[in-house]
Every structure is written in C-alpha cells, then in structure tokens.
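**Student:** quick one, what's the 3D model for this:
(one chain, ligands or ions: 1)
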Amino acid sequence: MTAQESKTNVALLVSPGIGHLIPFLELAHRLVHYHNLQATLFVVCSSTSAAESHLLQKSSAVNIVPLRPTVSLDPNANFIDKIKAIMSASSPLLRRSLSAAQPLPAALIVDLFGTWALAIAHELGMLGFVFMTTSAWFLSLAMFFPTMDKQMIDDHVYSHEPLRIPGCSPVRFENTVSVFEEDDYEGFFGIMARELGTADGILSNTWQDLEPTTIKALTEIETLTYGKVKGVPIYPIGPLTKCCEPNLESEVLKWLDRQPDESVIYVSFGSGGTLSEEQIKELAWGLELSQQRFVWVIRPPVDTDSSGTFFTAGNESGDHKWPPEYLPEGFVNRTKEVGLLVPIWGPQAEILSHRSVRGFLTHTGWNSSLESIVNGVAMVTWPLYAAQKMNAAELTEEVGVGVRVSEGLVSREEIESKVRKIMAEEDEEGREIRERVKALKRSGERAAAKGGSSYNSLAEVAAECDIFRRQTQLRRAAAA
Ligand code: UDP
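**Tutor:** Residues are numbered from 1 along each chain as shown. Below is the predicted model:
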C-alpha cells in the first residue's frame with residue numbers, strides 16, 4: 001500500500017456562493033495539511049462567478065470537482081430558492097461521482113444546503129457530517145426547530161414573539177433569519193433542520209470563547225431535549241477564515257500602505273450585498289461627514305434586492321462610468337485625499353489584516369464577521385438578509401465587538417456617528433469595543449493553534465473518519 005493509499009479520503013460538498021466556498025476550502029486545506037487526510041471538494045455551481053473562479057484556481061492541495069447541473073432558474077426567485085433548485089438538480093451528479101470513487105471516501109461533509117446528501121452518504125456506506133458555516137447560535141435555532149410546536153413558530157412568524165431556544169439567547173423577531181419573515185419557513189429551514197438530526201456530527205465555524213453559552217447548550221446541557229437531533233455531536237472548529245494571498249499586487253493594498261496605523265474604516269457588504277441608490281448616497285455623505293479615512297467596495301445600486309450580487313460575486317458590472325453617477329455630486333473629488341473606492345470586489349482578507357485598518361462597516365455575513373475578529377478589527381454592523389440580523393445582534397449585544405445601525409434607510413448623521421464611535425481615539429465605548437475585539441482575536445488564535453480547542457475538535461473528526469475507514473476495510477476483508 002502506498003503512502004497516498006494509506007491516507008483516509010473524505011469528500012466535501014459545497015453549495016453555490018463564495019460565503020460557503022471560502023470556509024469549505026479552508027476546512028479541506030486543514031484536513032489535508034494538519035490532519036493528514038485526503039480531500040475531494042465537490043463544488044456545485046450553475047455558473048461560476050469571477051470571485052469563485054479565482055479562489056478555485058488558487059487551491060492546489062485539494063482535489064476540486066465541479067458539479068454543473070442543468071437547471072433553469074426563475075430569475076424572480078429569491079437566492080435561497082435558487083440555491084435549493086441548483087442543489088437538488090446536482091443530486092444525481094453527486095451520487096454518480098461518489099459511487100464511482102475508488103476508494104469510496106470515508107465521509108461526506110456537506111453545508112446547510114446539502115443536508116439531503118447525508119442520505120446518499122449513508123446509503124453508500126459513508127459517514128455524513130454537516131459543516132455549518134454560520135454561528136453556533138444559528139445552529140442552535142436549526143437544531144431546536146424540529147422540537148418546536150407549530151404554535152410557538154406561528155407566534156414568532158405572525159405575532160413576532162421571540163423564539164426561545166433552551167440554554168441560548170432568545171431570537172427576537174427583529175433579529176430573525178429571513179426565512180421566518182416569510183410564510184414558507186418550512187420549505188427550506190424545516191427540512192434542513194430535520195435532516196441535521198441524521199448527521200454523524202456537526203462542525204461549526206465558531207470557538208469556545210466566542211459563543212460559550214450556546215456551545216455549552218449544544219454540547220453539554222443534559223436536560224435539553226433536542227428531539228430528533230439529540231445525540232448528534234457538535235464540533236466547534238473555528239475560526240476558519242480565508243488566508244491572505246502572499247505578495248498580492250493590488251492598488252488598494254498600496255493605498256493602505258500609505259495610511260497611518262489604525263486610521264481606516266473598510267466598508268463592504270459581502271459577496272451579495274447591494275443597497276438602493278438613496279442609501280448609497282446617505283452612506284457616502286455619512287463617510288464624508290465622519291472625516292475618517294475609508295476604503296469602500298462599491299457596487300451599482302439595486303433597489304429591490306439586498307442580495308443582488310450573490311451569484312455574480314466579483315463579476316464586472318458593465319457600468320463603466322467612473323466616478324459612478326449614483327454617488328453625491330463632487331463626493332469623489334472632495335474625499336480623494338482620505339478615501340478609496342474599490343469597484344465591485346476587493347481583497348478583503350488582505351485589507352482587514354492591514355495595519356492601517358481599525359474598523360469594518362459590514363453586512364455581518366458570518367465569514368466577514370470572523371475575518372474582522374481574527375484581525376482585531378471593530379465593527380459597525382449593517383445586516384441585510386439571511387442570518388445577518390442574528391449575527392449583528394450577537395456581535396453587538398453579546399460579544400460586544402461592534403455597534404449596530406438602525407433598520408430601514410440609515411441616515412448620514414447616524415452613519416457619521418457610528419463610524420466615529422468605532423474609529424475615534426477619544427470615544428470611551430469605542431475604545432472598549434476595540435479592546436474586546438483584540439482580546440477575542442488572541443483567543444481565536446489559541447483555539448485554532450495545535451492543541452487548542454478547535455484544533456482538537458477537528459482532530460476528533462479526522463480520527464473518526466480514520467477509524468471508520470479502517471473498520472470498513474476490516475469488515476470488507478472479513479466478508480471477502
Ligand atoms: N469577500 C471578498 N471581497 C469582497 C467581498 C467579499 O473577498 O469584496 C469575501 C469575504 O472576505 C468573505 C466572503 O467573501 O470571506 C463573504 O462571506 P460572508 O459570509 O461574509 O458573506 P456573504 O457574501 O456570504 O453574504
């Protein structure tokens with residue numbers, strides 16, 4: 001047996017969207033480099049965005065297999081329904097690829113849109129894990145969901161009562177996930193939540209010091225009844241964030257090199273986030289009035305959909321007029337000494353790790369939130385869709401690493417004052433927030449380092465896969 005053949009092989013299945021791809025690539029990388037496994041990553045895509053293509057080209061250690069199902073998408077459907085349609089069309093492709101794999105991987109690790117594939121893994125004789133690229137708090141909501149009675153959910157959806165999750169903070173309606181703002185929560189969330197209970201384990205992109213109470217509730221409290229998902233082991237393995245590309249040549253990094261230490265606020269709404277024209281104008285005014293240095297990843301306005309670029313992350317917009325017409329007149333000229341506009345897409349991991357960046361105005365996607373924390377950067381939180389409001393509530397009210405803007409159209413005055421709070425030396429509350437985020441950065445480093453809690457958690461998963469593979473080999477040998 002060669003050294004390669006003696007390694008345990010695992011497969012990972014990731015749904016469309018850069019926010020899933022980034023942590024899955026990092027997970028695969030760690031399994032290969034730190035835990036001595038082999039990894040094949042199945043990437044489901046109907047079309048690959050520029051940002052996704054760039055990432056996939058860079059990842060050499062992992063075997064990447066694109067799954068491209070043929071599917072016609074309703075252009076008016078929301079992004080969750082589009083992902084669901086693409087994922088379900090990829091099911092036969094995944095089954096065929098796994099069935100043909102030699103040797104069969106010991107385990108399949110899926111994301112929250114791929115929980116249906118756990119059944120395929122089990123049917124083929126593999127372990128099935130879920131990697132939740134969300135907070136543990138969101139995971140606790142999903143795990144508790146199957147035991148909630150209909151009345152409790154209806155009270156939340158229609159009467160806006162908080163959702164009470166045993167051992168965890170309640171979810172107030174104003175912070176709820178977007179599926180509960182519609183009637184059809186059962187369609188995706190309910191099915192995913194039930195399928196979670198069939199997993200052999202759930203990996204979560206979090207660590208002990210970030211979400212201690214929730215992790216305790218999910219892993220330790222014996223009195224909790226998580227119904228169908230009771231007994232599924234939870235593995236906090238975070239923070240798993242995108243590594244910086246060494247020697248990346250970029251105008252924005254050169255610009256940051258010329259700025260003083262901790263003087264810049266970085267503004268970005270993730271891969272999908274878009275704002276209305278009116279809101280973009282207010283944001284521009286707010287940044288200008290704050291008199292802080294800024295880098296702003298800017299996209300053309302979309303008035304009807306706050307997740308407007310989810311499937312086209314990093315693609316050219318076709319809007320080549322510069323400066324863009326939708327900015328206030330004279331804005332670019334007035335702010336040219338202190339601000340930099342980056343069209344469409346920026347090297348976020350590198351920007352956040354730059355010594356000149358002190359604050360991040362963010363939509364609080366979980367990856368962006370973690371990237372901010374691992375770089376010790378305080379946040380102005382501006383949630384838009386999906387689980388972002390839950391994340392913003394957690395980051396500001398519980399973890400204390402940011403301040404949050406109000407709902408609806410956010411005024412220039414509010415933006416000015418929240419940006420100053422995070423950036424200004426003299427603001428006492430801002431200083432405390434900055435100290436907390438720096439302490440959390442250090443705790444994240446300890447958790448992920450060899451021997452740390454998250455490192456050990458992932459080592460347990462890898463060991464389970466190893467043991468399972470050996471047992472399967474023995475069983476097969478005995479049967480032959
Ligand atoms: N990202 C980036 N450049 C951009 C915007 C986003 O590199 O201009 C990356 C960001 O670093 C993060 C991911 O895209 O890793 C977005 O994931 P997140 O969970 O924050 O939000 P989503 O886009 O899924 O809403």
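**Student:** who are the contact partners of the residue of the stretch 351-480 of the chain found nearest the ligand?
**Tutor:** The shortest separation between the stretch 351-480 of the chain and the ligand is 2.2 Å, found at residue 365 (distances taken as C-beta to the nearest ligand atom). Every residue, glycine included, has its C-beta placed from N, CA and C. If you count contacts by C-beta atoms under 8 Å, 6 or more residues apart in numbering, residue 365 has them with 19, 270-271, 273, 386, 388, 391.
**Student:** could you list which of those also contact the ligand?
**Tutor:** When the contacts of residue 365 are checked against the ligand using C-beta under 6 Å from any ligand atom, the ones in range are 19, 270-271.
**Student:** which one of these is nearest to residue 215?
**Tutor:** Of all those, the one with the least separation from residue 215 (C-beta to C-beta) is residue 19, at 21.8 Å.
**Student:** centre of the chain to the helix or strand that contains the closest one, how far?
**Tutor:** Residue 19 is located in helix 18-33, with elements delineated by DSSP states H and E. Here the centre of helix 18-33 is set off from its chain's centre by 11 Å, with C-alpha atoms, centre = their mean, to the nearest Å.
**Student:** give the buried residues for that helix.
**Tutor:** Along helix 18-33, these residues count as buried under the neighbour rule (16 or more other C-beta atoms under 10 Å): 18-32.
**Student:** cool, and stretch 176-191?
**Tutor:** When neighbours are counted by 16+ other C-beta under 10 Å, the buried residues of stretch 176-191 are found to be 176-180, 185, 188-190.
**Student:** in a markdown table: these, plus distance to the ligand, pLDDT and secondary structure.
**Tutor:** Compiled in a markdown table, those are given as follows (distance: C-beta to the nearest ligand atom, whole Å; pLDDT from 0 to 100; DSSP: H, G, I helix; E, B strand; the rest coil):
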| residue | distance to the ligand | pLDDT | secondary structure |
| --- | --- | --- | --- |
| 176 | 17 | 94 | coil |
| 177 | 13 | 91 | coil |
| 178 | 12 | 85 | helix |
| 179 | 15 | 83 | helix |
| 180 | 18 | 85 | helix |
| 185 | 20 | 75 | helix |
| 188 | 16 | 83 | helix |
| 189 | 17 | 88 | helix |
| 190 | 22 | 89 | helix |
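**Student:** I'd guessed residue 454 sits against residue 238; true?
**Tutor:** Yes - using C-beta atoms under 8 Å, residue 454 is in contact with residue 238, at 5.8 Å.
**Student:** spit out the residues that contact those two alike.
**Tutor:** What both residue 454 and residue 238 touch, as defined by C-beta under 8 Å, 6+ apart, is the set 207, 447-448.
**Student:** now intersect the residues you listed with the helices, please.
**Tutor:** Those of these mapping onto helices are 447-448, per DSSP state H.
**Student:** so which of the shared contacts of residue 454 and residue 238 is surrounded by the most neighbours?
**Tutor:** Neighbour count (other C-beta atoms under 10 Å) singles out residue 207 as the most crowded of the shared contacts of residue 454 and residue 238, with 29 neighbours.
**Student:** got the confidence number for the residue nearest to residue 25 when sequence neighbours are not counted?
**Tutor:** Across the structure, with C-beta to C-beta, 6 or more residues apart in numbering as the measure, the residue nearest residue 25 apart from its sequence neighbours is residue 59 (5.3 Å). We note a pLDDT of 71 for residue 59 in this prediction.
**Student:** I'd assumed residue 29 was in contact with residue 59.
**Tutor:** Yes - with contacts defined as C-beta under 8 Å, residue 59 counts as touching residue 29 at a distance of 7.1 Å.
**Student:** give me the neighbour count for residue 68.
**Tutor:** When counting by other C-beta under 10 Å, one arrives at 15 neighbours for residue 68.
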